[in-house]
Each structure stands twice: as structure tokens, then as C-alpha cells.
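**Student:** Here's my sequence, what's the structure:
(one chain, ligands or ions: 3)
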Amino acid sequence: MSTPQIHLSVQGSRLCERIQALAQVGALKGGGVCRLALTPADKAGRDLVISWMTELGLSVSVDRIGNIMGLRAGHVDAPPVFIGSHIDTVATGGAYDGNLGVLAGLEVLQCLAEAGIETELPIAVAIFTNEEGARFAPDMMGSGVHQGSLDLEEMLAVEGIDGTTVGADLEAIGYAGESPCGSQRASAFIELHVEQGPLLEEEGFMIGAVEGVQGISWTEFLWSGVSNHAGTTPMRLRHDAGYAAADLACFVRDLALDHGGDQVATVGSVQLQPNLVNVIANQARMTVDLRNTDDQVLKRVERQTLEYAKSLADHEGLELETRILARFAPVAFSQRLIGLVEKHATDLGHSVRRMPSGAGHDAQMFAPNCPSTMIFVPSKGGISHNIHEYTAPEEIQAGGDVLLRMVLALAGVRSTG
Ligand code: HGY
Ligand code: MN
Ligand code: MN
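**Tutor:** Ligands and ions are numbered 1, 2, ... in the order given. Take a look at the predicted model:
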């Protein structure tokens, strides 16, 4: 679609105010945010953003997995351009991961309204349920159901780390919506997100034109051994679940270092039972997060990890149960849209580089079904999933302006006020 030259800019200060206002919901003492999916804090965040959507005159709907969509009509009745992301956070999250993409979408729509710009295509700003997957695995749950790659009933039945189910908690927070999932097709998907890594800052780039998302593999390992006295049990008689968890954690780290390249491995959660100083642990429940841009290598690392865990269980006389919590193959974004991000960033005078995403995102769920890509802005110190996550106002301004240009290019300008 041809877009008349429109020199419009987002109001970065208003966007930053909204980011800070939302960050008060679930604010942690000492900084950071805890708005785990489907908790009362998540509900409060959803309520707040819906109030902003309503103020903007968007027609708001909630689907059966709790995804929220604020729709701005276009001249033609066609699948909307989606601007989406998430507002759930990890337990020690920051103000920007996910929140920036949703609130920048609202800012773009407010700019269009204030400028009296009508677009050919409708535009939807979406909040996807449980992108983080920290409480209920897998991650990208809402967008996966929305786009049909995850089954609604299966996801509603998922039990979280504290024993409740997705379905029960959606009801509890009043976001078990009516709209059918995945019925809404998108004409394109664009997501503004903080990089959550060190590249843009280290190399001095303002904008990342994201080429795709690396493969993600989450597995739970449950070791069962024999609890016994820490003082009286000779080493030769032990069946120590705690030892096995520690050994596997070292194994996957060494495996990632041996493979090098993009391979990463993380043991983020280990729970020992009975978790007492003088009792040999009879149970260890742990998670292993493996990622790589190359699916073949990722599959090899998964296989090596499982083989090692099984041999360890045999050697230590332990039972081992494994459960796949998430598995997403690498995803490539639209070359056309990646090129558009580069063009608009350059037109705006911003330095831009192409790059993969190390983190999972809702955009990857849309990529198989419509032209999709992401815009990255720098993360200070390359950190995220950390209460000190930070992106500067001028970087938010830059990302918002690139997003605005992308949305005008994708939705087409029908008329200007
Ligand atoms: O785990 C991830 O990459 C994302 O934050 N859900
Ligand atoms: Mn995110
Ligand atoms: Mn995240």
C-alpha cells in the first residue's frame, strides 16, 4: 500500500508515563514488577490497559484463553494489522518486557486518532495471555492458542507451578472471555520489544530489525531417590536426588560451552525434597531450558542431555521422569517486513542492524500465518527478567516512531484529517 509522506511522531513522554503507570501494578519493593500470568496483579494490569483502550474508542474483546484485543476500524473490513505483545511478567520482572509493545501500540493508535488519520485496514492492539510461561508452561500460550498452534482445551487444563489450572485462574480473574480463539486472522503482525540482550548496546545500534526467533526447549526432570541420614549413610549406599540435579546442571552448562555458537542452557528451577540440611534429598524437580537458532543442533543437545540424565539415574539408583514443558522450532520472520523496519529506521536517522531473537515472543506464533517481524530497542546492560531492566526514553521514542511508520505502511493511509 502506498503511504503518503506523513511526518508523524509518537509522544514518547506519554508512552513512558503509561509504562511507568503500568509498572506500579505488581510493583516490587526495591523496584521491578511481579505480574505473573493470571494472578490478581495480572488482572489489575489488564483492567488498567483496557481502560486506556476504551478511552481511545477501541472496540475491546476477550477470547477464551483471555487474550485481549482493542480494535480500530479501517476503511475495508479485512483482517487487521496486529500490534501485539504481553503484560504478564516473570516474578522478578521489569517495566519494559512485553509492556512496551502493548503500550506503544496504544500510543500509535492515539497518534492516528489525534492526527485524524484513517487507515485502509483495521488495526488491532493485542495483549496475549501468559507469554512468559513462568507460572504455566509453555510460554507464548495465548498467542499460540490464538493462532492455532496450541490447543485451547489442553492449555486451559495446564496446571501451574502452584497447583492451579489456567482455566480456573482465568475464571478467577474474570478473563475467561467469550470470543472464539484464532478466528481473528491477521494481515500482518508487528511487535516492538526490548532486546533483552547485549548486542544493540555493545555495538551502538538504536534499532534491531529482527530476523527470527531461536528454537526453545523446556524440559522438567523429576529425580526420585531415597532420603536418608546425612551423617550415617556411607557414600556407597546413597541414592541422592540432589546430587543428580546438581550433576545434570553442570553437564548442560558444559554441553552448551562445548557446542558454542548460539547454544545456551539454563537450569532456572531446582526444588529438593525434603530440602533439609541433614537429609539426603529423595526428590529433585528441576527445569532445563535449551535454545539454539539451529534446530538440528538443538535436537542433538536435547538428545545428549536426556541420554546423560538416564545414565546418571542408572548409576545413582534413581527413578527419572521427564516432561516436556515447551518446544518451539526456530522461526524466520518476513524478509519484506524486516526490510521495512530497516528502511523506516534509516529514514528516521536511526542506526539499525538485523539480528535474531534469543527470547521467545508472541510474534513467532503469527509468523507461519502472516507477514510478521519485530522491532528491538536496546536493553541497558543487556539485562532483562531482572528488576533493573531499563530502556532509555530516547530509545523508546525511536522504537515507537519506527512502529508508527511500520503500521502506516502495513495498514495503508485512507485519509488524513
Ligand atoms: O522465555 C522466553 O523467551 C520468553 O520470555 N517467554
Ligand atoms: Mn517478552
Ligand atoms: Mn520475558
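**Student:** ok, the residue nearest to residue 12 when sequence neighbours are not counted - contacts?
**Tutor:** Spatial nearest neighbour of residue 12, chain neighbours left out: residue 397 (3.4 Å); criterion: CB to CB, 6 or more residues apart in numbering. All C-beta atoms are positioned from the backbone trio N, CA, C, and that covers glycine. Residues counted as contacts of residue 397 (CB atoms under 8 Å, 6 or more residues apart in numbering) are 9, 10, 12, 15.
**Student:** Spell out which residues of this structure are next to ligand 1.
**Tutor:** Residues of the chain that fall close to ligand 1, judged by CB under 6 Å from any ligand atom: 131, 132, 133, 139, 359, 360.
**Student:** Farthest pair within those residues?
**Tutor:** 133 and 359 (11.2 Å; CB to CB).
**Student:** Show me which of the contacts of residue 397 are buried.
**Tutor:** Buried by 16 or more other CB atoms under 10 Å: 10, 12, 15, out of the contacts of residue 397.
**Student:** give me phi/psi at the last one?
**Tutor:** What it means is residue 15. Phi and psi for residue 15, reported as degrees, to the nearest 10, are phi -60, psi -40.
**Student:** Quick check: pLDDT value at it.
**Tutor:** On the pLDDT scale, residue 15 is placed at 98.
**Student:** Now it: closest residue in space, sequence neighbours ignored.
**Tutor:** Using CB to CB, 6+ apart, the closest residue to residue 15 is residue 107 (4.4 Å).
**Student:** my guess is that neighbour meets residue 400, correct?
**Tutor:** Yes. The criterion here is CB atoms under 8 Å, and residue 107 meets it with residue 400 at 5.8 Å.
**Student:** Quick check: neighbours shared by the two?
**Tutor:** Joint contacts of residue 107 and residue 400 (CB under 8 Å, 6+ apart) are 10, 15.
**Student:** Up against ligand 2, what does the stretch 201-350 of the chain have?
**Tutor:** Within the stretch 201-350 of the chain, no position lies close to ligand 2 (CB under 5 Å from the ion).
**Student:** so where do the helices sit in the stretch 201-350 of the chain?
**Tutor:** Assigned by DSSP state H, counting those that start in this stretch, the stretch 201-350 of the chain shows helices spanning 241-259, 295-316, 335-347.
**Student:** Buried ones in the last one, by neighbour count?
**Tutor:** So that's helix 335-347. Buried residues in helix 335-347 (16+ other CB under 10 Å): 337, 338, 340, 341, 342, 343, 344, 345.
**Student:** on that earlier part again, among the residues of the chain next to ligand 1, who's most crowded?
**Tutor:** Counting neighbours by other CB atoms under 10 Å, residue 131 comes out on top of those with 28 neighbours.
**Student:** So what's the residue count around the residue in the stretch 201-350 of the chain that ligand 1 sits nearest to?
**Tutor:** Nearest residue of the stretch 201-350 of the chain to ligand 1: residue 216, at 6.4 Å (CB to the nearest ligand atom). As a burial measure, residue 216 scores 25 neighbours (other CB under 10 Å).
**Student:** Residue 325 is in contact with that one, correct?
**Tutor:** No. Checked against CB under 8 Å, the pair residue 216 and residue 325 is beyond contact range at 9.9 Å.
**Student:** Contacts only, for residue 102.
**Tutor:** Residue 102 neighbours (CB under 8 Å, 6+ apart): 49, 84, 85, 86, 87, 125, 126, 127.
**Student:** same thing with residue 37?
**Tutor:** When contacts are counted by CB under 8 Å, 6+ apart, residue 37 touches 88, 129, 130, 131, 132, 134, 135, 136, 141.
**Student:** immediately after the host helix or strand of residue 167, which helix or strand?
**Tutor:** In this assignment (DSSP states H and E), residue 167 forms part of helix 166-172. Following helix 166-172 in sequence order, the next helix or strand is strand 188-194 (DSSP H and E).
**Student:** List the buried residues of that following strand.
**Tutor:** In terms of neighbour count (16+ other CB under 10 Å), strand 188-194 has its buried residues at 188, 189, 190, 191, 192, 193, 194.
**Student:** between the residues you listed, which is closest to ligand 2?
**Tutor:** Closest approach between these and ligand 2, by CB to the ion: residue 193, at 5.9 Å.
**Student:** In the sheet, which residues pair with the closest one? Tell me.
**Tutor:** residue 376 (DSSP bridges).
**Student:** Could you measure from it over to residue 316?
**Tutor:** Using CB to CB, to the nearest Å, residue 193 is found at 42 Å from residue 316.
**Student:** Same check on residue 380?
**Tutor:** Look at residue 380 and residue 316: by CB to CB, they are 43 Å apart.
**Student:** Repeat that for residue 250.
**Tutor:** From residue 250 to residue 316 the distance is 14 Å (CB to CB).
**Student:** and what of residue 332?
**Tutor:** Counting by CB to CB, the gap from residue 332 to residue 316 is 42 Å.
**Student:** what's the answer for residue 59, then?
**Tutor:** To residue 316, residue 59 is 59 Å away according to CB to CB.
**Student:** Compare these two and say which is more crowded by neighbours.
**Tutor:** residue 316 (17 against 13).
**Student:** and the helix holding residue 167, what does it pack onto?
**Tutor:** If contacts are counted by 3 or more CB pairs under 8 Å, 6 or more residues apart in numbering; DSSP states H and E, helix 166-172 sits against helix 152-156.
**Student:** next one: the helix it packs on to chain centre, how far?
**Tutor:** Centre-to-centre, helix 152-156 and its host chain are 19 Å apart (CA atoms, centre = their mean, to the nearest Å).
**Student:** you'd agree residue 62 is in a strand?
**Tutor:** Yes. Per DSSP: H, G, I helix; E, B strand; the rest coil, residue 62 lies within a strand segment.
**Student:** Tell me if I'm right that it and residue 181 touch.
**Tutor:** No. Counting by CB under 8 Å, residue 62 sits too far from residue 181 to count as a contact (10.7 Å).
**Student:** Please enumerate the helices of the stretch 1-150 of the chain.
**Tutor:** Along the stretch 1-150 of the chain, counting by DSSP H, counting those that start in this stretch, helices occupy 12-23, 40-55, 99-114, 141-146.
**Student:** How is the protein divided into domains?
**Tutor:** For the chain, automatic domain parsing gives the domain ranges 12-214+331-411, 215-328.
**Student:** Pick the most buried one from the ones you listed.
**Tutor:** Among the domains of the chain, ranked by average contacts under mean count of other CB atoms under 10 Å, first place goes to domain 12-214+331-411 (a mean of 21).
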